[in-house]
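Enquirer: 3D, please:
(one chain, ligands or ions: 1)
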Amino acid sequence: MKCPNCGNEMKSKIRDYEYVESGLKNVVLKGITVHECKHCGEMLPEISNVKQIHKWIAEYLLSKGAPLTGEEFRFLRKAMGKSAKETALSLAVNPVSISRWENNKEKIGPQSDRLFRVAFILDTNSIAALSPATILLKHAREILQCAVSGHKKLKSEKIVITPQKVRQEHADAHD
Ligand SMILES: [Zn+2]
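Expert: Below you'll find the model as predicted:
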């Protein structure tokens, strides 16, 4: 494979890849094929099944105990296919707040965080793209229980996606 940047031959390697294209800094795709250019440093990952990977990230974010970060909020909003304006309307906040949250200039309040996650689960587009309703209901229950106990303060963990996990999720989708 030729480098699209400089035209030199690329080398393929199986390695772990930081999936920054997702907009998140903490997603690692385990053991995928990455084409690397020694000359200019270009890296082209072979990411199959993006839909399944995004579904897995979304489920992780929906059930995480800590508040959503700006990047995580943006990831879920885009997965929902909603504009900042539409999201502001559904959360009854000023559209300026959405941009301030997403750029980490302002913390997302706990009420908005929970309402947003539940709204995500209830959204028809998200449901079509995500898991069976029973799993989503379980997430919704967990989110609402958080409202009682308060969000645990957890450090931002790595979201590790293994090839097995992607295959597993893929198999589930055909049940
Ligand atoms: Zn190159």
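
Enquirer: alpha carbons of the lengthiest strand in the chain, as PDB, please.
Expert: Using DSSP state E, we find that the single longest strand of the chain is strand 27-36. The C-alpha trace of strand 27-36 is given here as PDB (Å, rounded to 0.1, in the frame of the first residue of the first chain):
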ATOM      1  CA  VAL A  27     -10.400   4.800  23.300                       C
ATOM      2  CA  VAL A  28      -8.000   2.000  22.400                       C
ATOM      3  CA  LEU A  29      -8.700  -0.500  19.600                       C
ATOM      4  CA  LYS A  30      -6.700  -3.600  20.400                       C
ATOM      5  CA  GLY A  31      -4.900  -5.600  17.800                       C
ATOM      6  CA  ILE A  32      -5.900  -3.900  14.600                       C
ATOM      7  CA  THR A  33      -4.000  -3.600  11.300                       C
ATOM      8  CA  VAL A  34      -2.300  -0.200  10.900                       C
ATOM      9  CA  HIS A  35      -0.500   0.900   7.800                       C
ATOM     10  CA  GLU A  36       2.500   3.000   8.800                       C
END
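
Enquirer: name the strands paired with that strand and say parallel or antiparallel.
Expert: strand 11-18 (antiparallel), strand 43-45 (antiparallel), strand 159-161 (parallel) (DSSP bridges).

Enquirer: make a markdown table out of those and add distance to the ion, mean pLDDT and mean neighbour count.
Expert: Yep, even glycine has a C-beta here, placed from its N, CA and C like the rest. Shown next, in a markdown table, are the strands paired with strand 27-36 (distance: least, CB to the ion, whole Å; pLDDT from 0 to 100; neighbours: other CB atoms under 10 Å):
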| stretch | distance to the ion | mean pLDDT | mean neighbour count |
| --- | --- | --- | --- |
| strand 11-18 | 11 | 94 | 14 |
| strand 43-45 | 10 | 93 | 16 |
| strand 159-161 | 27 | 88 | 19 |
